[in-house]
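Undergrad: Please find the sequence and the predicted model below.
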Protein chains: 2
Amino acid sequence: MADDSNKTDQTVDFGVLNHLLGYRLRRAQMNFFSKFSEVCSDLGISPGLFAIIAIVERNPGLTQTAVAQALGNDRSAMVAAVDKLEKMDILERRPAINDRRSYALFMTQQGKAFFQTLNERVMEHEKIMASRLKNDEELEWLLNTLDVLSQ
Amino acid sequence: MADDSNKTDQTVDFGVLNHLLGYRLRRAQMNFFSKFSEVCSDLGISPGLFAIIAIVERNPGLTQTAVAQALGNDRSAMVAAVDKLEKMDILERRPAINDRRSYALFMTQQGKAFFQTLNERVMEHEKIMASRLKNDEELEWLLNTLDVLSQ
DNA sequence: TTTAAATTGTTTAGCATTACACCAATAAGT
DNA sequence: ACTTATTGGTGTAATGCTAAACAATTTAAA
């Protein structure tokens, strides 16, 4: 009806926004981000830090830039992150054996144990969110579809 | 095999990260964000600004906080955004008729035309991304699924 | 009616993220 | 030997998000 008076009713028409993948993706991702923070903030771990830990845990000895490239981050952003994780005694820098410029990243003993509990929490949260889907097949389909849209 | 030597091979094992919805969502959303910027940065419109315009276009007369609540933003973040959109002559603040505290937001004449071209670009980009999916049914399913994961 | 509480737009500050240019040390290619 | 590329690191600017505070104003309570 598009009258020129002020809107006082509660309903808001989202129009094209409701059919845009980008907007829906943003809402879903922000929800995951806040939920993740609720679950892991007391451990001092953000989603970004968790990603770094997960990569180093599965690929011990990677250099900082290798981790940054894998995650699509800037090299410079790794410095503060690794500094923090090193101070938290989760991982450590060791001089690379064949390149005196670079460090190789390894989990500390305590870091390995820390990742266990951290991973448990994340997987628990993941299960809760995944339980909103119909079945495992739908979850697999969603993961694949998101991957298709990521390149 | 988890040897203690430095990794020199190209392949990186993403481990649990590959199966986490949050990580896949983030990658997909970041891809959409950068693609959106490529398409609309010359118009000076970010995804967040587009959302505001889309809401005001469909709901003329909403107050700033009403738009903020609809989009899940903070009221304070609206100020700079509306300032910018007002300077770009896309929308305007009018004093609310029944509340001298608040402004009602309306599209300008030029703003309506601007939204036309802006919307065309966004929908074109949307079609390209959606074409990666199998069919319209899959797109609808994805939109619904993302909505389920957004609350 | 008077008073207290809530709301609106706004400003400001802090925080994290991202991007970019730059640097010294080192490695690699010619 | 010499040039170029790479690595970790620093600094900086822009951005987005939160939270707190504030004056003006509205609403609710007494």
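TA: Nice, thanks for sending it over.
Undergrad: Spatially nearest residue to A:Val12, not counting backbone neighbours?
TA: Counting by C-beta to C-beta, 6 or more residues apart in numbering or on different chains, A:Val12 lies nearest to B:Ala70, which is 4.4 Å off, once chain neighbours are set aside. Where C-beta positions appear, they are placed from N, C-alpha and C, glycine not excepted.
Undergrad: ugh, wrong one, I meant A:Arg27
TA: Spatial nearest neighbour of A:Arg27, excluding adjacent residues (C-beta to C-beta, 6+ apart): B:Ser150 at 4.1 Å.
Undergrad: quick revisit: in contact with the residue nearest to A:Val12, which residues?
TA: A:12, A:14, B:55, B:62 (C-beta atoms under 8 Å, 6 or more residues apart in numbering or on different chains).
Undergrad: Longest helix in chain A, please.
TA: Counting residues, the longest helix found in chain A (DSSP state H) is helix A:109-130.
Undergrad: buried sites along that helix?
TA: Burial within helix A:109-130, assessed by neighbour count using 16 or more other C-beta atoms under 10 Å in any protein chain shown, is assigned to A:111, A:114-115, A:118-119, A:121-122, A:125-126, A:129-130.
Undergrad: The helix or strand following that helix - what's its average pLDDT?
TA: Per DSSP states H and E, the first helix or strand lying C-terminal to helix A:109-130 is helix A:136-148. Confidence for helix A:136-148, expressed as mean pLDDT, is 96.
Undergrad: Distance from helix A:136-148 to the middle of the chain?
TA: Mean C-alpha position of helix A:136-148 versus that of the full chain (C-alpha atoms, centre = their mean, to the nearest Å) differs by 17 Å.
Undergrad: what angle do that helix and helix A:109-130 make?
TA: Orientation of helix A:136-148 against helix A:109-130 (axes from the mean of the first three to the mean of the last three C-alpha atoms, to 10 degrees) gives an angle of 110 degrees.
Undergrad: what residues does helix A:136-148 touch?
TA: For helix A:136-148, contacts defined as C-beta under 8 Å, 6+ apart pick out A:130, A:133, B:18-19, B:21, B:24-25, B:27-28, B:132-133, B:138, B:142, B:145.
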